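Visitor: Need the 3D shape of this:
(one chain, ligands or ions: 1)
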Amino acid sequence: MNSLYLNRRTFLASLGAGMLGASGLLSADDNDAPLPEPVSVEGTPTVLEFEARVKKFIEQNSLEDGSVQPKAGASTDVLLLLKRFTFTPASLELKKNVAYRFQIMAGDIPHGVWIKPSEYGPISLTAGEVLERSFTFRKPGRYFIFCSTYCGPGHDKMRAQVQVV
Ligand SMILES: [Cu+2]
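Guide: Numbers count the residues shown, from 1 in each chain. You can find the predicted model right below:
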């Protein structure tokens with residue numbers, strides 16, 4: 001299993017979600033290349049701290065068209081914040097066959113991620129905790145990350161776009 005969980009609390013929460021039927025949680029990325037190295041994070045960031053990291057991630061990696069592309073060679077980290085009813089950033093540009101290390105937080109209430117078309121998801125997110133997962137996009141093209149946990153009237157339109165090049 002290549003999934004990395006930031007702390008014991010998150011790990012236990014994900015086990016709970018697994019028992020509820022989100023079976024993709026522990027097995028979806030068996031085919032991924034190994035992660036570069038484990039990340040040591042002391043505790044889970046608060047929502048405000050994570051928001052600040054996301055803001056910095058966007059500032060440092062924005063393209064002219066408004067999408068966000070982790071700088072080649074510098075990092076494969078992708079930060080993603082879900083709140084009713086938006087993903088931040090909402091548009092990513094990623095390279096094919098790169099194992100990106102997503103750090104994902106549901107910032108207000110529980111949400112989920114489901115990447116289509118792909119084998120990733122649905123993955124339940126616990127509000128206020130960071131889930132870390134490796135995602136690799138094998139084929140160029142347009143993907144969407146949908147919210148997979150009903151979160152209110154804007155849920156159906158809650159998505160991020162991933163352009164894979
Ligand atoms: Cu939702």
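
Visitor: So, low pLDDT: which residues of the chain?
Guide: 1-42, 72-74 (pLDDT under 70).

Visitor: Which residues of it lie near the ion?
Guide: 147, 151, 155, 158 (CB under 5 Å from the ion). Bear in mind the C-beta positions are built from the backbone N, C-alpha and C, glycine included.

Visitor: Check the gap between residue 141 and the ion for me.
Guide: 24 Å (CB to the ion, to the nearest Å).

Visitor: I'd say that residue and residue 165 touch.
Guide: No. With contact defined as CB atoms under 8 Å, residue 141 does not reach residue 165; the gap is 9.0 Å.

Visitor: can you map out the helices along this structure?
Guide: Under the criterion DSSP state H, the chain contains helices at 8-19, 47-61.

Visitor: Residue 123 reaches residue 148, doesn't it?
Guide: Yes. Assessed by CB under 8 Å, residue 123 is found in contact with residue 148 at 7.0 Å.

Visitor: what residues do those two have in common as contacts?
Guide: Residues within reach of residue 123 and of residue 148 at once, by CB atoms under 8 Å, 6 or more residues apart in numbering, are 112, 113, 114.

Visitor: Let me know the closest of those to the ion.
Guide: Sorting the shared contacts of residue 123 and residue 148 by how near they are to the ion, with CB to the ion, puts residue 112 at the top with 6.9 Å.

Visitor: what about the closest one, how many neighbours?
Guide: By the measure other CB atoms under 10 Å, the count of residues near residue 112 is 22.

Visitor: Show me what it bridges to in the sheet.
Guide: Here residue 112 sits in beta bridges with residue 124, as judged by DSSP bridges.

Visitor: give the contact list for it.
Guide: By CB under 8 Å, 6+ apart, the neighbours of residue 112 are 22, 121, 122, 123, 124, 125, 147, 148, 149.

Visitor: Now the fourth one: closest residue in space that isn't a chain neighbour?
Guide: Nearest in space to residue 123, with sequence neighbours left out and distances taken as CB to CB, 6 or more residues apart in numbering, is residue 113 at 5.0 Å.

Visitor: I'd assumed residue 94 was in contact with residue 139.
Guide: No. With contacts counted by CB under 8 Å, residue 139 stays clear of residue 94, the gap being 11.7 Å.

Visitor: Find the residues that touch each one of those two.
Guide: residue 164.

Visitor: In terms of packing, which of those two has more residues around it?
Guide: residue 94 (21 against 10).

Visitor: Perfect, I'm done here.
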